[in-house]
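Asker: 3D model of this:
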Amino acid sequence: MQPTAEQRRWMYRHMVLSRYLEERIEALYMEGKTPVFNMAKGPIPGEMHLSNGQEPCAVGVCAHLTADDIVTATHRPHHIAVAKGVDLDAMVAEIFGKASGLSGGRGGHMHLFDAAVNFSCSGIIGEGLGPAVGAALSRKLQGKPGVAVAFMGEGAANQGAFHEALNLAAVWQLPVVFVIEDNAWGISVAKQASTAVPRNDARASAYGMPGVHVADNDVEGVFAAAGEAIARAREGRGPSLIEIETARLAGHFMGDGEDYRPKGEKEGLQSRDPIPRYRRQLLDAGVLDEAADAELVEQARGRIEAAIRFAQQSEFLPPEAALDMVFVGEMS
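Answerer: Residues are numbered from 1 along each chain as shown. The predicted structure follows:
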């Protein structure tokens with residue numbers, strides 16, 4: 001399956017949009033956290049997990065999805081949220097903890113929910129697998145269109161929830177696609193030190209579903225694999241598993257010293273940054289020219305700056321709102 005010229009430009013545009021969002025978030029996040037890193041300081045307190053380098057995973061999959069399709073993502077969710085069409089103003093406001101955020105500022109960047117486009121994510125490893133299977137089951141039982149896609153890191157493939165979700169999806173032949181973003185590191189533990197198989201797509205055969213591996217963070221390789229898996233799900237032929245070899249260009253979280261990486265690894269990954277690689281590919285193919293690229297980048301930056309202004313100008317919830325949306329039972 002080959003993407004059209006418009007689909008290729010769409011994927012590149014959303015990769016650029018996601019990357020610029022994270023570059024701006026990174027700069028704002030670090031305010032007040034130096035010279036001694038303290039994640040409680042600055043306008044965005046708490047942990048921050050950037051997805052730069054993993055953009056091909058998001059756009060290659062989401063290019064095939066509509067707002068009716070369900071996506072569950074991980075604690076590293078920005079690229080997927082952008083590609084799924086999550087409201088950028090409300091998303092950035094949520095990251096800033098503002099009342100105009102997706103959840104009124106209560107969830108932060110690891111817990112983004114946008115019902116308008118059926119997107120959710122969680123800071124708990126493997127947490128999105130069960131809900132994705134449940135969403136796919138609901139679609140099937142109600143005879144409604146729509147597939148579910150569960151994104152996860154390669155570390156989640158060693159969780160019990162992974163095996164339970166794949167087994168149940170296969171037993172009931174549900175319209176769900178499992179996508180593993182293999183960036184080779186589970187926090188600071190290398191994949192080969194934690195996983196019994198070299199590639200997790202091999203595990204699909206144990207559950208009677210297709211397993212596909214996409215090498216080298218290849219945008220159009222992801223597009224092709226996802227297109228086939230999603231079409232299969234829409235046709236009622238059951239679940240699929242895709243493992244994508246991708247790269248985490250930053251640390252596990254902002255402030256991570258990354259001492260666990262072998263010398264030279266990070267520099268090698270950055271030299272193969274997927275965005276300039278895909279830009280060059282599109283220019284060479286005549287799908288993009290220099291002027292169109294400059295305009296696209298400028299529009300992406302303008303959109304992100306507008307979302308940041310919206311977030312910065314928004315108000316925080318009042319302190320008493322801490323008791324809202326909390327179940328309080330009476331004690332006898």
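
Asker: Doesn't P145 belong to a helix?
Answerer: No: judged by DSSP: H, G, I helix; E, B strand; the rest coil, P145 forms no part of a helix; its state is coil.

Asker: Tell me how far it lies from G236.
Answerer: Here the criterion is C-beta to C-beta, to the nearest Å. By it, P145 lies 11 Å from G236. The C-beta positions use only the backbone N, C-alpha and C, and glycine is treated the same way.

Asker: how about K191, what does it touch?
Answerer: Neighbouring residues of K191 by C-beta atoms under 8 Å, 6 or more residues apart in numbering: E154, G155, D182, A184, W185.

Asker: Contacts only, for the nearest residue to P145 once chain neighbours are set aside.
Answerer: Of all residues not flanking P145 in the chain, D68 sits nearest, at 6.2 Å (C-beta to C-beta, 6 or more residues apart in numbering). If you count contacts by C-beta under 8 Å, 6+ apart, D68 has them with N118, P145, G146.

Asker: can you map out the strands along the stretch 101-250 of the chain?
Answerer: 113-114, 119-121, 148-153, 176-182, 185-186, 189-190, 211-214, 240-245 (DSSP state E, counting those that start in this stretch).

Asker: Quick one: those as CSV, columns for mean neighbour count, distance to W10 and mean pLDDT too.
Answerer: Converted to CSV, the strands of the stretch 101-250 of the chain look like this (neighbours: other C-beta atoms under 10 Å; distance: least, C-beta to C-beta, whole Å; pLDDT from 0 to 100):
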stretch, mean neighbour count, distance to W10, mean pLDDT
strand 113-114, 19, 19, 97
strand 119-121, 25, 17, 98
strand 148-153, 28, 17, 98
strand 176-182, 29, 18, 98
strand 185-186, 20, 29, 94
strand 189-190, 13, 34, 92
strand 211-214, 21, 19, 98
strand 240-245, 26, 18, 98
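
Asker: With distance to P131 added, can I get these in TSV?
Answerer: Output for those, formatted as TSV (distance: least, C-beta to C-beta, whole Å):
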stretch	distance to P131
strand 113-114	11
strand 119-121	7
strand 148-153	8
strand 176-182	10
strand 185-186	21
strand 189-190	26
strand 211-214	22
strand 240-245	17
